[in-house]
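*Asks:* following is a predicted model, sequence given first.
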Amino acid sequence: MRWSGQWARRAVPDAALALALLGFGQLATGLAGDNQPGSRPVDGVCRVLIAVAAIALLARRRVPVTTLALVSAASVTYLVLGFPYGPILLTFLVAVYTVAVRLPVRPAALATGGAFVVLLTHVFWSRGPATGWAGVLPASAWVAVPFAVGVVVRVNREVAARGRAEEARGRAEEARRRADEERLRIAQEVHDVVGHGLAAISMQAEIALHLLPKRPEQAETALAAISRTSREALDELRVTLGAVRQGAEREPVPGLARLPALRDRLAGAGLAVEVRVVGAARELPAALDLAAYRVAQEALTNVLRHAGVANAEVTVNYRADEVTIEVTDRGVGARPSGTDPADDERGHGLAGMRERVTALGGWLTAGPQAGGGFRVYARLPAEPTT
């Protein structure tokens with residue numbers, strides 16, 4: 001059905017062209033004969049040859065070489081019989097152009113060369129001022145001009161088609177790149193949410209197990225903290241996945257304003273966090289605010305997991321054109337690579353933080369600090385809003 005529709009769309013203009021050349025040829029050939037003394041009068045044979053040449057154009061798209069052969073034979077027969085030069089040569093031009101525009105250059109040139117040889121039959125058979133060797137150049141023009149035009153049109157179409165293909169490939173690659181970036185962003189968000197929640201729950205569970213045999217009433221507090229932390233982590237994960245399903249972050253996302261809640265949650269896990277704010281706090285772009293919060297969250301999660309200390313400090317500094325986040329502890333700091341599998345976990349978390357900050361035009365450093373402990377420091381560009 002689709003092929004039939006395409007064929008119909010192509011056949012209609014070809015039929016219109018053939019009908020126009022047929023009508024014009026039948027009418028104008030008689031007038032041309034009146035202006036060409038010595039030519040053979042227009043008769044039934046003349047009109048049949050004009051009709052054959054015009055009707056052959058109906059198949060020019062499907063069988064261009066066959067069409068050119070029929071048109072060439074009809075045109076040369078017409079000229080050899082001495083009928084007046086007229087509109088039948090227009091059908092010859094159209095046939096040559098069609099071969100050049102529909103076929104690759106080499107087969108098109110071979111077919112057109114054959115048509116030219118056939119046309120030369122008339123040049124050397126007939127007698128007149130434009131025959132013999134004097135007629136070769138005019139005859140070649142009837143072949144060379146439509147052939148050159150057809151080749152140019154074909155090349156332009158191929159260039160345009162390649163351009164469209166390149167553009168389509170570019171769009172597909174861009175879509176894949178965006179999809180990859182979105183998957184990485186989602187994975188990073190889920191890692192931050194779930195990793196932090198599980199670290200806090202694990203620490204609280206160890207506290208509960210330690211207290212349960214001797215002081216069960218205090219273990220109950222730790223279990224309540226586990227329940228609260230897991231509920232908060234699930235709520236945050238639900239917000240993240242909901243934003244993914246909706247294609248946009250329609251619900252509020254975490255930001256630096258959530259640091260007090262993060263501090264309270266970690267306090268229930270046994271990590272006391274001191275939060276300090278330097279400068280006047282201001283509203284930040286959503287992506288930057290989320291990145292700053294995730295840096296603090298991941299750094300504190302690493303303290304909870306690896307540092308072996310009960311306290312940490314977070315300093316947020318609002319400067320004129322940037323925001324800095326510093327997380328420090330007095331724990332064990334970094335160990336030689338490979339001594340503890342947990343260090344690999346910490347390294348992955350730091351890499352994720354660095355990628356998040358770098359994507360926003362900032363930079364992040366992390367490592368042991370003088371006097372012991374570990375320090376994470378991130379700078380994010382944040383132009384003041386007007």
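*Replies:* Good, I have the coordinates.
*Asks:* surely Ile201 is within a strand?
*Replies:* No - checked against DSSP: H, G, I helix; E, B strand; the rest coil, Ile201 lies outside a strand; its state is helix.
*Asks:* how near is it to Ala208?
*Replies:* 10 Å (CB to CB, to the nearest Å). Backbone N, C-alpha and C define where each C-beta goes, glycine included.
*Asks:* shared neighbours, those two?
*Replies:* Ile226 (CB atoms under 8 Å, 6 or more residues apart in numbering).
*Asks:* send the alpha carbons of stretch 357-364 over as CSV?
*Replies:* The C-alpha coordinates for stretch 357-364 follow below in CSV (Å, rounded to 0.1, in the frame of the first residue of the first chain):
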residue,chain,number,x,y,z
VAL,A,357,31.0,19.5,41.4
THR,A,358,33.1,19.6,38.2
ALA,A,359,29.9,19.4,36.1
LEU,A,360,28.8,22.7,37.6
GLY,A,361,32.1,24.4,36.9
GLY,A,362,33.6,23.9,40.4
TRP,A,363,36.3,21.8,41.9
LEU,A,364,36.8,19.5,44.9
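*Asks:* residues in contact with that stretch?
*Replies:* Where contact means CB under 8 Å, 6+ apart, the residues beyond stretch 357-364 that reach it are 287-288, 291, 295, 322, 350, 353-354, 376-381.
*Asks:* now do 7 Å
*Replies:* By CB atoms under 7 Å, 6 or more residues apart in numbering, the residues outside stretch 357-364 that reach it are Ala287, Leu288, Ala291, Val295, Met353, Arg354, Tyr377, Ala378, Arg379, Leu380, Pro381.
*Asks:* would you say the third one is within a helix?
*Replies:* Yes - if the criterion is three-state DSSP, then Ala291 is within a helix.
*Asks:* tell me the confidence at the closest residue to it other than its chain neighbours?
*Replies:* Sequence neighbours aside, Arg356 is the residue nearest to Ala291 in space, at 5.0 Å (criterion: CB to CB, 6 or more residues apart in numbering). In the predicted model, Arg356 carries a pLDDT score of 83.
*Asks:* neighbours of Arg356, just the number please.
*Replies:* Residue crowding around Arg356 was assessed by other CB atoms under 10 Å; the count is 25.
*Asks:* name the element Ile325 belongs to?
*Replies:* The secondary structure element spanning Ile325 is strand 322-329 (assigned by DSSP states H and E).
*Asks:* how far does that strand sit from the chain's center?
*Replies:* The gap between where strand 322-329 is centred and where its chain is centred comes out at 38 Å by CA atoms, centre = their mean, to the nearest Å.
*Asks:* same question for it: list its buried residues.
*Replies:* Of the residues in strand 322-329, those scored as buried under the neighbour-count criterion (16 or more other CB atoms under 10 Å) are Val323, Thr324, Ile325, Glu326, Val327, Thr328, Asp329.
*Asks:* tabulate these (a markdown table), appending pLDDT and distance to Arg176.
*Replies:* Shown next, in a markdown table, are the buried residues of strand 322-329 (pLDDT from 0 to 100; distance: CB to CB, whole Å):
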| residue | pLDDT | distance to Arg176 |
| --- | --- | --- |
| Val323 | 93 | 33 |
| Thr324 | 94 | 35 |
| Ile325 | 93 | 33 |
| Glu326 | 94 | 37 |
| Val327 | 93 | 35 |
| Thr328 | 91 | 40 |
| Asp329 | 89 | 41 |
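*Asks:* tell me where the chain has helices.
*Replies:* Defined through DSSP state H, the helices belonging to the chain, from first to last, are 2-34, 44-55, 64-80, 88-102, 105-125, 136-211, 216-246, 259-268, 286-302, 341-359.
*Asks:* nearest to Gly372, of these?
*Replies:* Gly372 sits nearest to helix 286-302 of all those, at 15.6 Å, using CB to CB.
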